[in-house]
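Asks: This is a predicted model, with the sequence first.
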Amino acid sequence: MDELFEWAEALRARLQVFAGTGDVEGIATAFADTVAARRRFCVLLAALATVLEHNVSEATVIAFKRHFLAGVSPVSSALAAAMPALEPAKALEALSMLMVTASGAWPHSNPPPVVVAALRLPELAPMRLDFHKTIQSHAAALLRGV
């Protein structure tokens, strides 16, 4: 959880600059910058639903999810403040969608060596994903639409 809380604090601080502005591009860049700067956080986020939440008790999941929400709530509030037209509940929903995007984009942007080698072929170049660019552009598109 340290990784989550460190990322959340970094993003919350970055979002304060945008309070009241509705600056979608700036907010999306702040999201992408803070996530991409934390490799371990990305690895854990990508493994959360597919590995870490398996074979654990319901009580463990409930405790974890409550702690997770406590970690992201200040970020959600900062996002709502940065985008005045966004209701607090919608800010949390948008943040959740952005995190799902990051968790899915991470493994595709950081493939195993055999995939990296295959993607060097010119005809496969369109399949190469730049993590930061992918999550930044997705964040901007999503935030424009909420």
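Replies: Structure's in. What do you need?
Asks: alpha carbons only for contacts and neighbour counts from here, please
Replies: Will do.
Asks: So for the chain, which residue is the most central one in space?
Replies: With distances taken as CA atoms, centre = their mean, Met99 lies nearest the centre of the chain, 3.1 Å away.
Asks: which residues sit in contact with that residue?
Replies: Contacts for Met99 (CA atoms under 8 Å, 6 or more residues apart in numbering) come out as Leu45.
Asks: could you point out which element follows the longest helix along the chain?
Replies: Of all segments of type helix in the chain, defined using DSSP state H, the longest is helix 58-82. Using DSSP states H and E, the next helix or strand after helix 58-82 towards the C-terminus is helix 88-109.
Asks: follow-up on the earlier one: would you mind pulling the contact partners of the longest helix of the chain?
Replies: Outside helix 58-82, the residues that touch it by CA under 8 Å, 6+ apart are 1, 4-5, 8-9, 11-12, 15-16, 18-23, 27, 53, 86-88, 91-92, 95.
Asks: Quick one, grab the pLDDT at Pro74.
Replies: At Pro74, the model reports a pLDDT of 97.
Asks: ok, the residue nearest to the centre of the chain to Gly20 distance?
Replies: For Met99, the distance to Gly20 (CA to CA, to the nearest Å) stands at 23 Å.
Asks: ok, back up a step: quick check: buried residues in the longest helix of the chain?
Replies: By neighbour count on 16 or more other CA atoms under 10 Å, the buried set for helix 58-82 is 71-82.
Asks: so how many other residues sit close to Ala141?
Replies: 14 (other CA atoms under 10 Å).
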